[in-house]
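Trainee: Sequence isn't available, so here's the structure alone:
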């Protein structure tokens, strides 16, 4: 899973990236400090894996990961090559979802590229560049489909949908705000439009607003806008995230408690990312290895097995499964779980649930 962090220059993108990946990307107080995208891989915290490791005393413990890509600050005219232009738009095309950092704090010492703090204007600037880039893609596709329509009248439906999307974008709205049928959704996904990518708006607030941003008018404005796109909003103080990134887990928990913050911004961002992309984790456990595996919600057992190895999917026989909570109730003992009838045998149609502890039986 790869997420691209975007935003105007000096909104706290690289500070946030440094904090959540400890990758040390340069964070300077001037535009275009980030040119090539910095990439950092983040471990997804999962207490379940930690507990299973303690029960099985496993040789290896492997958590699932998320890849964050810090994409340089976009400015007005990027789609026409302003700033560092289309290069950045190309980097956005490569990610599964967008993390759009929006400045929601006042600080006279940190310049704003537009000279004022206005999160809705910032959002509009970025979204407009993505929309303009998408309109170019659609223009070419419409021209091609119109040409092919002469020999294949069945393309009329496709042309109508392409025109509908183009008109929607021309009104200044992102494609993700469209209300589409399931069939149309699959087609639009195939177009790889930037403004159709799932998005999380990260409201970057000051330390004073980190514990409670209810009175922050900038955050309110971001939430109201995000609702029109059915998008996620996560409130983070990038400055605090950078401070706690240097601390050990115990110190981190104490520091957050002192500030009245229930969980770190990284944890909130990861949860929002999983929710946005409709992801869950299943677990495998034993003396050799305890591990978390990420899959799409709704994945069936053979395809989940394929995440471990293609042979597991190809030769799938059945899956032995138990919910994590039930396994812990049995002290982590599969034999005890079996005696109580809690360890189930599931076939090819079984839909894997979050927290399922699975053992796959296969034959190739």
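Mentor: In hand now; what should we look at? Keep in mind it's a predicted model, so treat the numbers as computed, not measured.
Trainee: Could you verify that residue 235 is part of a strand?
Mentor: Yes: the assignment for residue 235 by DSSP: H, G, I helix; E, B strand; the rest coil puts it in a strand.
Trainee: you'd agree it is up against residue 213?
Mentor: Yes: with contact taken as C-beta atoms under 8 Å, residue 235 and residue 213 are classed as touching, separated by 4.8 Å. (Each C-beta comes from the backbone N, C-alpha and C, glycine too.)
Trainee: which residues do these two both contact?
Mentor: Taking C-beta atoms under 8 Å, 6 or more residues apart in numbering as the contact rule, residue 235 and residue 213 both touch 104, 203, 205, 219.
Trainee: What does the first one show for phi and psi?
Mentor: For residue 104, the backbone dihedrals are phi -130, psi 30 (criterion: degrees, to the nearest 10).
Trainee: Tell me how many other residues crowd it.
Mentor: Around residue 104 there are 28 other residues, counting by other C-beta atoms under 10 Å.
Trainee: if I look at it, how far off is residue 336?
Mentor: 51 Å (C-beta to C-beta, to the nearest Å).
Trainee: just the last one next, same as before
Mentor: With distances taken as C-beta to C-beta, residue 219 is found 49 Å from residue 336.
Trainee: so for stretch 129-138, what's the average pLDDT?
Mentor: The average pLDDT within stretch 129-138 is 92.
Trainee: ditto for stretch 176-189
Mentor: 93.
Trainee: Endpoint to endpoint, it covers what distance?
Mentor: Stretch 176-189 has an end-to-end distance of 10 Å (C-alpha to C-alpha, to the nearest Å).
Trainee: contacting residues for residue 177?
Mentor: Taking C-beta under 8 Å, 6+ apart as the test, what residue 177 contacts is 168, 228-230.
Trainee: Dump those to CSV, plus neighbour count.
Mentor: Listed next are the contacts of residue 177 as CSV, based on neighbours: other C-beta atoms under 10 Å:
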residue, neighbour count
168, 16
228, 11
229, 19
230, 12
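Trainee: what would those look like in JSON lines with secondary structure?
Mentor: As requested, the contacts of residue 177 are exported to JSON lines (three-state DSSP):
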{"residue": "168", "secondary structure": "helix"}
{"residue": "228", "secondary structure": "helix"}
{"residue": "229", "secondary structure": "coil"}
{"residue": "230", "secondary structure": "coil"}
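Trainee: Report all helices and strands that the longest helix seen in the chain contacts.
Mentor: Longest helix in the chain, counting residues (DSSP state H): helix 119-149. Packed against helix 119-149 by the contact rule (3 or more C-beta pairs under 8 Å, 6 or more residues apart in numbering; DSSP states H and E) you find helix 86-93, strand 97-103, helix 156-170, helix 182-191, helix 217-228.
Trainee: between it and helix 182-191, how many degrees?
Mentor: 100 degrees (axes from the mean of the first three to the mean of the last three C-alpha atoms, to 10 degrees).
Trainee: Flag every buried residue along helix 119-149.
Mentor: 119, 122-123, 125-135, 137-138, 141-142, 145 (16 or more other C-beta atoms under 10 Å).
Trainee: again with stretch 90-104
Mentor: Buried-residue list, stretch 90-104, by 16+ other C-beta under 10 Å: 91-92, 95-104.
Trainee: Which one of these is nearest to residue 303?
Mentor: Using C-beta to C-beta, residue 96 comes nearest to residue 303 of the buried residues of stretch 90-104, at 17.8 Å.
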